[in-house]
Structures are given as structure tokens and as C-alpha cells.
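S.K.: how would this look folded up:
(chains A and B)
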Amino acid sequence: MSFRLSGGLLIIGLCIEAISLFWVHPLAFLAFFVLGGVFLAAGVLLYLSSLIFHPSQTNPNDSHSK
Amino acid sequence: MPGPLAILFVLLGTTIVLLIVLLTRASLTATPAGKILAFLAFCALPILCGFWGLNEHLERSKQTAFCLSCHIMEPYGRSLYAADPMYIPAAHFENHRIPAEEACYTCHTDYAMYGTIRVKLHGLRHIYVQYFGTPMNPIHLYDPYNNRECLHCHAGARSFENDTHMALLDQIKANQLSCVSSGCHDTIHNAASIDKVKMWKSQE
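M.R.: Numbers count the residues shown, from 1 in each chain, chains lettered A, B, ... in the order given. As a prediction, the model looks like this:
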């Protein structure tokens, strides 16, 4: 579950970053830094925490086989 | 040769595609190579994209267009086109003594150690005040303009080394005598009365 959530957060964060790069304006910087940064950081941290605390969940096949 | 921005977009696109592939075909992460690929897609590449994007945004924040995109800066932008050579910002901008694309940043950065970081933090404060606070009216610098910023380019220049400047050099370097408020070069942006000034139009 955290594997999918992490992926979803990262995709949203990366999309925000990509969209913000089309605009030269302080609001674009805010969108990138506040919104995109939060989604990216949350996605990466969730993935890393799932590696450390729930290694089997990073591979959905493992959890399905159990 | 593609520019850094194009490469960043390719990297962003690749990372998103990789994430979608790994989310839809999770069995790929069962193998050791798949786990490395997942680590790249879920950790290394997003961090790389984030820092690269941050650097791109910081570089853009140096652009004149970026500073002038806030309504409050409009008269300051117009003052760059004053047809009066006594207007110091206009004299620099119109004669390309400073890069036109980074005009604001070139004169208003801090040419000291960690100066760029200090200026960026000031920039964040500007954004905060613009959108969440009340901008000062009229706006003014946080600190008096430092002669160091002028001397960064002018010190040692032939046009600068005249008798007047040389006689006052110690006071200028010590900031005891300001370049811009001493009655010498004191016509700066004059934003309040810029509408009354004749404007210069570039032929380009």
C-alpha cells in the first residue's frame, strides 16, 4: 500500500514541478517549493520508510504470496 | 545540443513513466535489478529532479522579468527605460553596462561571501510579504545601498579613476560616503514620479 501511495505522491510532485517550470513568476516558485517539495519529500520518505520498516511491502508480489 | 531545461524535462518524463510502469507492473521489482530500478525511480531520480528544478527556479529568479512580474515593481521596471542619463538604473540598463536579462539582480545582489544566499532569503521574504502580508508603501531596501555593489564593477575602471573618486576613495570604500545618496549619483528609480519622465524605446 505504501509502495503505491509513495509512487502516487511522487508522480503528483513531479507533475507539479514540470508544470511550475513553464512559468517565470514567484507563484511558480512557491508552487514548486511548497506543493511540489512536500509531495516529493513525502513520496521519497514513505518509500524509504517502507524499505526500512516493511521491506516486503515494497514488493507487492511478496505480500500477495503470503 | 539540448539545454539543461530540456534535459530536466526529459528526466522528469522518464521518472514519471518509470514510476507508472513500476506501479502497474509491480512484479518487475521482484528481481534484484528490479529493486535497483525501483530505488532509482522512487528515490534517486525524484531527489535529482527536485534539486535540479530548485536550481532552475533559483536561476530564473535572477531574471528581470521575474522581478517585474509583481505589480508593485512595475514603476521600477519602467524606470529602466527613462530617457534621462541622470537616472542611474536606466543609464546602466539602456547602455548594457549590466546584463539586461538580469538587471535587477546584478545591482541588488550582495557581492559578499554567502551574499547570493542572503539575497535569495530576502527574495523569499518578498514573496511572503507580497502574498501573505502587506508590502511596504513606498517600498525601500532593507538596508542602505552598499557601495560594495557599485565597486564590484567600477573599482579599477578607467572611467571611475578620476580625481574626484580617487580623493574620496577611502570614504567610498568604507561606506562613509554613499555613491547613491551623496548628491553625486542620487537619481535612482524615482518610482513615484516616473510617469512624468520621457521614456526611451529600443529600436529592436
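
S.K.: ok, and the closest non-adjacent residue to residue B:104?
M.R.: residue B:67 (4.2 Å; C-beta to C-beta, 6 or more residues apart in numbering or on different chains). Any C-beta I mention is one placed from the backbone N, CA and C, and that applies to glycine too.

S.K.: that neighbour: neighbouring residues, count only.
M.R.: Other residues within reach of residue B:67, judged by other C-beta atoms under 10 Å in any protein chain shown, total 20.

S.K.: again, but for residue B:53
M.R.: Burial measure for residue B:53: 26 neighbouring residues, criterion other C-beta under 10 Å.

S.K.: what does chain A put close to chain B?
M.R.: Contacts of chain A with chain B, taken as C-beta under 8 Å from any C-beta of the partner chain, map to A:3-4, A:6-8, A:10-11, A:13-15, A:17-18, A:20-21, A:24-30, A:32-33, A:36-37, A:40, A:43-44, A:47-48, A:58-62.

S.K.: show me the longest helix that occurs in chain B.
M.R.: In chain B, taking DSSP state H as the definition, the longest helix is helix B:4-24.

S.K.: what residues sit buried inside that helix?
M.R.: Neighbour-count burial for helix B:4-24 flags B:8-9, B:11-12, B:15-16, B:18-19, B:22-23 (criterion: 16 or more other C-beta atoms under 10 Å in any protein chain shown).

S.K.: helices along chain B, start to end?
M.R.: Counting by DSSP H, the helices of chain B are B:4-24, B:32-39, B:45-60, B:64-67, B:74-78, B:88-94, B:103-108, B:115-132, B:147-154, B:163-173.

S.K.: same check, this time on chain A
M.R.: Ranges of helices in chain A, per DSSP H, are A:2-20, A:26-30, A:37-53, A:60-65.

S.K.: what number of residues lie near residue A:25?
M.R.: 14.

S.K.: same thing with the one 5 residues further on?
M.R.: Neighbours of residue A:30 under the rule other C-beta under 10 Å: 18.
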